[in-house]
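**Q** how would this look folded up:
(one chain, ligands or ions: 2)
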Amino acid sequence: MTRHFLKDTDLSPDELTDVLDLAGQLKAAPYSKRPLEGPQTVAVFFDKTSTRTRVSFAAGVSQLGGSPLIINPGESQLGHKESIPDTARVLDRMVSAIVWRTFAQSGLEEMAEHSSVPVVNALSDDYHPCQILADLVTIREHRGTGEGNGLAGLTMSYYGDGANNMANSYALGGVNAGMHVRIAAPAGYQPADQVVAEAQELGQRTGGTLTITDDPLDAAQGAHVLVTDTWVSMGQDSAGRDDSASPFSRFQVTEELMNLGDDPIFLHCLPAYRGKEVAASVIDGPASVVFDEAENRLHAQKALLTWLLSS
Ligand code: CP
Ligand code: NVA
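**A** Ligands and ions are numbered 1, 2, ... in the order given. Have a look, this model is predicted:
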């Protein structure tokens with residue numbers, strides 16, 4: 001059966017550990033796996049803009065022996081002239097995997113339903129699971145426990161828009177790894193009930209927990225990782241959201257918050273807005289590992305593709 005990666009829980013806890021281990025191996029020996037030798041092609045569609053995702057998939061597919069086909073917004077028939085099922089049925093005769101950054105999660109699900117090759121979510125309105133894989137690799141490297149999967153039992157506190165793609169993926173991906181995830185967000189911007197329920201159910205198996213709060217100080221106490229994301233996600237800006245009079249101001253990651261943690265590292269998926277969701281002194285300070293995190297997109301996605309293609 002073809003495996004897809006549309007959301008964080010598409011890998012079981014054990015499978016997640018396997019992919020993270022493989023990412024570490026590929027980081028140490030970048031050309032040691034060649035599942036796309038041929039070269040086979042991977043189609044990488046973008047309905048939204050990107051720097052890291054585009055470059056890391058292009059470089060990663062090449063390093064795996066394959067050839068990336070980057071399709072930018074508006075360049076294909078998909079979504080305008082041709083349905084998702086027909087697109088899937090054409091592509092899977094020519095490419096070995098389909099990577100897609102888009103708006104609706106339901107589009108990815110429809111693509112996967114009709115594709116005989118793996119479909120990977122490169123960010124949707126609801127989830128950004130490839131980013132969380134890279135973040136987990138980074139946490140292991142810089143703050144890992146050295147036991148088990150290196151992550152279980154650690155506390156990760158996310159600040160800002162608790163209802164966006166990153167927050168959802170931290171909730172599910174973090175709990176999948178057995179972590180204690182705290183989401184600090186204002187009322188009206190907290191995770192949907194369905195995400196909370198799914199994380200709680202998952203936590204019963206992994207030992208992870210999800211806590212929602214509107215108290216930024218409380219969320220930072222004893223945390224090993226502080227993380228945030230833009231207050232206005234792609235697609236929301238054109239829908240009229242702006243961050244000038246923001247309900248998120250109280251949730252900016254500051255040195256004061258960092259000082260409440262347990263020697264915490266700072267993560268941000270980037271692009272970042274200094275003086276908005278994070279103080280410049282934090283993202284440019286000694287606890288920030290955001291550029292290692294960006295690099296780990298490459299290693300994590302190579303591991304994911306290698307794993308999916310062998311499953
Ligand atoms: N973090 C991330 O996905 O970056 P891009 O939007 O540049 O791909
Ligand atoms: N929440 C952000 C993540 C960017 C990588 C967005 O969707 O724009």
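**Q** give the buried residues for the longest helix anywhere in the chain.
**A** Determined from DSSP state H, the single longest helix within the chain is helix 290-310. By 16 or more other C-beta atoms under 10 Å, the buried positions in helix 290-310 come out as 290, 293-309. Any C-beta I mention is one placed from the backbone N, CA and C, and that applies to glycine too.
**Q** tell me what the helix or strand that contains Pro85 is packed against?
**A** Secondary structure assigned from DSSP states H and E places Pro85 in helix 84-91. The contact analysis (3 or more C-beta pairs under 8 Å, 6 or more residues apart in numbering; DSSP states H and E) places helix 84-91 against helix 105-114.
**Q** and if we set it to 10 Å?
**A** Packing contacts for helix 84-91, counted by 3 or more C-beta pairs under 10 Å, 6 or more residues apart in numbering; DSSP states H and E, involve strand 41-46, strand 97-101, helix 105-114.
**Q** just say which of the ones you listed is most tucked in.
**A** Greatest average neighbour count among the helices and strands packed on helix 84-91 goes to strand 97-101 (a mean of 26), per mean count of other C-beta atoms under 10 Å.
**Q** what's that one packed up against?
**A** Short answer (3+ C-beta pairs under 10 Å, 6+ apart): strand 97-101 packs on strand 41-46, helix 52-63, strand 67-71, helix 84-91, helix 105-114, strand 119-121, helix 290-310.
**Q** quick one: average pLDDT of the fifth one?
**A** Here the mean pLDDT over helix 105-114 is 98, rounded to a whole number.
**Q** then that helix to PDB, C-alphas only?
**A** In PDB, the C-alpha atoms belonging to helix 105-114 read as follows (Å, rounded to 0.1, in the frame of the first residue of the first chain):
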ATOM      1  CA  GLN A 105      -5.900  19.900   3.400                       C
ATOM      2  CA  SER A 106      -8.800  18.200   1.600                       C
ATOM      3  CA  GLY A 107      -6.900  18.800  -1.700                       C
ATOM      4  CA  LEU A 108      -4.000  16.800  -0.500                       C
ATOM      5  CA  GLU A 109      -6.200  14.000   0.700                       C
ATOM      6  CA  GLU A 110      -7.900  13.900  -2.700                       C
ATOM      7  CA  MET A 111      -4.500  13.800  -4.400                       C
ATOM      8  CA  ALA A 112      -3.400  10.900  -2.200                       C
ATOM      9  CA  GLU A 113      -6.600   9.000  -2.800                       C
ATOM     10  CA  HIS A 114      -5.900   8.900  -6.500                       C
END
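**Q** sketch out the helices for the stretch 101-250 of the chain, chain order is fine.
**A** Per DSSP state H, counting those that start in this stretch, the stretch 101-250 of the chain carries helices over the ranges 105-114, 129-143, 165-176, 193-206, 216-220.
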